[in-house]
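K.L.:
3D model of this:
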Amino acid sequence: MIKYLSMPIIIGLTFLISSCTAQLSDYKATSQSLDIKQYFTGKSIAWGMVQDYSNKVTRRFCVELDGQWQNNEGILKEVFYFADGEISYRNWQLTKLEQGFYQGRAEDVVGVARGQQVGLAFQWQYNLNVPVDNDVIELSLDDWMYKIDEHRVFNRTKMKKFGVTVAEITLFFDKQAAVKRCELSN
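P.N.:
Predicted coordinates:
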């Protein structure tokens, strides 16, 4: 009897927990609007870290960004400087669609990235090939950006494999920083 009663409880709890996650529509009534095309035009800089499944910081990095747009087609060049000395590059080819939707491609992105802006938030979802040791692993990314003010955007990304979060990225963008070049030390 207990076995049969526990199944509805488990299903109910699962539904309750899953319905407690943020939705893009939660930001519809926010006063500031994050326009990705406008924000990522010109140069900006960002600082970030990667945390593994146990919340241990495994990498720190700085990113120099340069975005150029012509009509609704954009290129966003990113140069990542990691604290361990690695330098990597990503070049996004972005397209602004109607009603706040975007899509994009990059060298290490599998297929097409898709995103939408609503109010102060932008959600970007895509699969990324990530080098790990001597292998490449495909991870699903759920990338959320939040406008703080006209110069700053905060970014949180969950990296998942088979639906399980294996790492998280936290990133802080700044268009006004006096420092325009990345410098990191161990």
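
K.L.:
List the contacts of the most centrally placed residue in the chain.
P.N.:
The residue lying closest to the centre of the chain (CA atoms, centre = their mean) is D143, at 2.9 Å. The contact partners of D143, taken as CB atoms under 8 Å, 6 or more residues apart in numbering, are 115, 123-126, 155-157. In this view, the C-beta of every residue, glycine as well, is placed from N, C-alpha and C.

K.L.:
Tell me, how many residues neighbour the nearest residue to T41 once chain neighbours are set aside?
P.N.:
With sequence-adjacent residues excluded and distances taken as CB to CB, 6 or more residues apart in numbering, T41 is closest to G67, at 5.1 Å. Neighbourhood size, G67 [other CB atoms under 10 Å]: 20.

K.L.:
partners of the host helix or strand of G67, with directions?
P.N.:
According to DSSP states H and E, G67 maps onto strand 57-70. Strand 57-70 has its sheet partners listed here by DSSP bridges as strand 42-52 (antiparallel), strand 73-82 (antiparallel).

K.L.:
possible to save these as CSV with distance to G100, mean pLDDT and mean neighbour count?
P.N.:
Listed next are the strands paired with strand 57-70 as CSV, based on distance: least, CB to CB, whole Å; pLDDT from 0 to 100; neighbours: other CB atoms under 10 Å:
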stretch, distance to G100, mean pLDDT, mean neighbour count
strand 42-52, 20, 95, 17
strand 73-82, 15, 97, 17
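
K.L.:
of all these, which lies closest to E150?
P.N.:
Closest to E150 of the strands paired with strand 57-70, according to CB to CB: strand 42-52, at 11.8 Å.

K.L.:
buried stuff in the strand holding G67?
P.N.:
By neighbour count on 16 or more other CB atoms under 10 Å, the buried set for strand 57-70 is 59-65, 67, 69.

K.L.:
ok so, going back, looking at the strands paired with strand 57-70, which is nearest to I169?
P.N.:
If you check each of the strands paired with strand 57-70 against I169 by CB to CB, strand 42-52 wins as the nearest, at 5.4 Å.

K.L.:
how far does that closest one sit from the chain's center?
P.N.:
The chain centre lies 10 Å from the centre of strand 42-52; the measure is CA atoms, centre = their mean, to the nearest Å.

K.L.:
Dump it to PDB, keeping only the CA atoms.
P.N.:
Extracted in PDB, the C-alpha atoms of strand 42-52 (Å, rounded to 0.1, in the frame of the first residue of the first chain):
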ATOM      1  CA  GLY A  42      31.700  47.500 -30.100                       C
ATOM      2  CA  LYS A  43      34.200  46.400 -27.500                       C
ATOM      3  CA  SER A  44      33.500  45.000 -24.100                       C
ATOM      4  CA  ILE A  45      35.200  42.900 -21.500                       C
ATOM      5  CA  ALA A  46      34.100  40.100 -19.200                       C
ATOM      6  CA  TRP A  47      35.400  38.200 -16.200                       C
ATOM      7  CA  GLY A  48      34.200  34.700 -15.300                       C
ATOM      8  CA  MET A  49      34.700  31.400 -13.600                       C
ATOM      9  CA  VAL A  50      33.700  27.800 -14.200                       C
ATOM     10  CA  GLN A  51      32.500  25.700 -11.200                       C
ATOM     11  CA  ASP A  52      32.200  21.900 -11.400                       C
END
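
K.L.:
Nothing else from me, thank you.
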